[in-house]
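K.L.:
coordinates only, sequence not included:
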């Protein structure tokens, strides 16, 4: 797993880079995979972005993100499903088989977590055939419980698997992200269960550092700076049979303020050190 | 459970009040129970605080907090255990049988959550006889997973029970706090298990509101302002056989800026509304 051939750079780790800078920077550093985000790809043009990545010899390992499935039936939910179909089209155009889903929080005024999770299942049922036809797998990402109200009511790998396992493994998988799952003493069981079912769609790394910033979105740590035992995670993901990309996805303004080439070199060095 | 006779005011909800103000304010409002914190009690004098509460007809329902048990063996750990013995003495002097424990995060540089949890068990084994002799029960509080690194490696009710169940139920119990546990789809099982074992030592209420503030310590919401389904929780805690105090513990500077009498009246009104 320390093999840099499996390393993938999620573009949000280097938000200071434009897509051409990302392609050039990765090519120079010998990086072979990138995880992309919809907004910058749409801004650049989906086909143009796909061409740019191919020209740099880069594989798009995932597209972030679809999801936000928890609205009650009505125009908002219809719009969300339409937007997810576009996200699936974009993933297919970029040549990635993995669309990462941030499933959505509680609708305003609602306190029904179980109901919200059922609406996620309904959305998956509606989208899975569309995704399958386009060679894209829906990847449910459990987010840390601190996001349960406003971003994602799927807070543990077990919850993600309970949703995913209602569908074919080829259609719906899960994301194992160390930042979200590191605290959970049942996560080893979840990884083994996900691996046995062939459902590990993506493996993402970021470290847990404190204090958390206001809003708790942009406080992820560089690998090795925090509390995550990456070797422990990687051994379990390896043992579960996953041999796909290992994507580093760090949201941290302190990394964005620095020179991108330097940050990428540091990230590659840390990747080798912590694994 | 909506009976105000079971309502207890944790003093941190009204940090703007001195202990005499707290005693007088509760007496005026008809509140019968208070949860106290060690620092203000020590400052006022433990015996004087006990006398003050008794004179106002107030029962001390809990003392916060002992804990911080995760240091490796050495002077820091020895000091923590000594401090916990003092906390037990203080609880006994205040006439409460419940010492709430915030068990501690990862020691600097450590990434071993399981090891830290075992050191908590070791500390409980050392302290339980001392506490029992003084009529005090150690109450393990699972804290939200966002505190796992720096405050408490016990993140779920299941983890708290795994620790507590190694000891007599009369010696070691657990705290059910809605703020920390609301997101967890296994918490109903945990509450039932805790109740069956006679281990619910305290039941605390605060609401979950977003965005979280920097440091994520002081962002708890007034009852009804956020995502917690209090009725759901209370029904399960009731069904589990718990008939003790229901303590409102909200850390929120916006409440501290206001007139205490007004905040207490609002809290009592919300308590009746949400339950």
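P.N.:
That came through fine. In this text, all values refer to a predicted model and were calculated from it rather than measured experimentally.

K.L.:
how near is the closest residue to residue A:178 other than its chain neighbours to residue A:202?
P.N.:
Excluding the flanking residues, the one nearest residue A:178 by C-beta to C-beta, 6 or more residues apart in numbering or on different chains is residue A:228, at 4.8 Å. (Each C-beta comes from the backbone N, C-alpha and C, glycine too.) Residue A:228 sits 17 Å away from residue A:202, going by C-beta to C-beta, to the nearest Å.

K.L.:
the more surrounded of those two?
P.N.:
Using other C-beta atoms under 10 Å in any protein chain shown as the criterion, residue A:228 and residue A:202 rank with residue A:202 on top: 28 against 24.

K.L.:
now the helix or strand encompassing the more buried one: average pLDDT?
P.N.:
For residue A:202, the host element (DSSP states H and E) is strand A:200-205. In this model, strand A:200-205 carries a mean pLDDT of 98.

K.L.:
SS state for the residue minimising distance to the centre of chain A?
P.N.:
By C-alpha atoms, centre = their mean, chain A has its centre lying nearest to residue A:100, at 4.9 Å. For residue A:100, the assignment made with DSSP: H, G, I helix; E, B strand; the rest coil gives strand.

K.L.:
measure it to residue A:245 for me?
P.N.:
12 Å.

K.L.:
what do those two both touch?
P.N.:
Contact criterion C-beta atoms under 8 Å, 6 or more residues apart in numbering or on different chains; residues shared by residue A:100 and residue A:245: A:62, A:202.

K.L.:
pull up the residues of chain A that are close to chain B.
P.N.:
By C-beta under 8 Å from any C-beta of the partner chain, the residues of chain A that approach chain B are A:106, A:111-114, A:117, A:144-146, A:148-150, A:153, A:155-156, A:159, A:182-185, A:208-216, A:226-229, A:232.

K.L.:
quick check on these: which are buried?
P.N.:
Taking 16 or more other C-beta atoms under 10 Å in any protein chain shown as the criterion, what is buried in these is A:106, A:111-113, A:117, A:144-146, A:148-150, A:153, A:155-156, A:159, A:182-185, A:208-210, A:212-213, A:216, A:226-229, A:232.

K.L.:
about what we covered before: following the strand holding residue A:202, which helix or strand shows up next?
P.N.:
Using DSSP H and E, the helix or strand that follows strand A:200-205 towards the C-terminus is strand A:207-208.

K.L.:
report the distance from that next one to the chain centre.
P.N.:
Mean-position distance between strand A:207-208 and its chain equals 15 Å (C-alpha atoms, centre = their mean, to the nearest Å).

K.L.:
the helix or strand that comes right after it pairs with which strands?
P.N.:
Counting by DSSP H and E, the element after strand A:207-208 in chain order, helix or strand, is strand A:220-221. In the sheet, strand A:220-221 lines up against strand A:207-208 (antiparallel) (DSSP bridges).

K.L.:
kindly calculate the angle that the longest strand along chain A makes with strand A:200-205.
P.N.:
Scanning chain A for the strand with the most residues, using DSSP state E, yields strand A:59-67. Here the directions of strand A:59-67 and strand A:200-205 differ by 100 degrees (axes from the mean of the first three to the mean of the last three C-alpha atoms, to 10 degrees).

K.L.:
which residues sit against strand A:59-67?
P.N.:
Identification of contacts with strand A:59-67 by C-beta under 8 Å, 6+ apart yields A:8, A:10, A:12, A:32-38, A:41, A:50, A:53, A:83-84, A:87-88, A:90-91, A:94-96, A:98-104, A:127, A:138-139, A:141, A:152, A:201-202, A:244-245, A:247.

K.L.:
next step: those residues restricted to strands.
P.N.:
Here DSSP E is the test, and the contacts of strand A:59-67 give A:8, A:10, A:33-37, A:98-102, A:138-139, A:201-202, A:247 as lying in strands.

K.L.:
helices of the stretch 101-250 of chain A, start to end?
P.N.:
For the stretch 101-250 of chain A, applying DSSP state H, counting those that start in this stretch gives helices covering A:113-133, A:157-164, A:178-181, A:187-196, A:230-239.

K.L.:
out of those helices, which is the most enclosed?
P.N.:
Using mean count of other C-beta atoms under 10 Å in any protein chain shown, the stretch among the helices of the stretch 101-250 of chain A with the largest mean neighbour count is helix A:178-181, at a mean of 25.

K.L.:
report all helices and strands that that one contacts.
P.N.:
Packing contacts for helix A:178-181, counted by 3 or more C-beta pairs under 8 Å, 6 or more residues apart in numbering or on different chains; DSSP states H and E, involve strand A:200-205, strand A:207-208.

K.L.:
residue A:170 is nearest to which of the ones you listed?
P.N.:
Checking the helices and strands packed on helix A:178-181 against residue A:170 by C-beta to C-beta gives strand A:200-205 as the closest, at 10.2 Å.

K.L.:
just give the closest residue to residue A:231, not the sequence neighbours.
P.N.:
Of all residues not flanking residue A:231 in the chain, residue A:275 sits nearest, at 6.2 Å (C-beta to C-beta, 6+ apart).

K.L.:
give the buried residues for stretch A:27-40.
P.N.:
A:29, A:31, A:32, A:33, A:34, A:35, A:36, A:37, A:38, A:40.

K.L.:
and the first one, what's its pLDDT?
P.N.:
This points to residue A:29. Model confidence at residue A:29, expressed as pLDDT, equals 97.

K.L.:
what's the residue nearest to it when sequence neighbours are not counted in contact with, if anything?
P.N.:
Residue nearest to residue A:29 in three dimensions, not counting chain neighbours: residue A:264, with 5.3 Å by C-beta to C-beta, 6+ apart. By C-beta under 8 Å, 6+ apart, residue A:264 lies in contact with A:9, A:14, A:25, A:26, A:29, A:31.

K.L.:
pLDDT weak spots in the stretch 51-200 of chain A?
P.N.:
Regions of the stretch 51-200 of chain A meeting the criterion pLDDT under 70 are absent.

K.L.:
closest one of the contacts of residue A:264 to residue B:73?
P.N.:
Nearest to residue B:73 among the contacts of residue A:264, counting by C-beta to C-beta, is residue A:9 at 41.8 Å.
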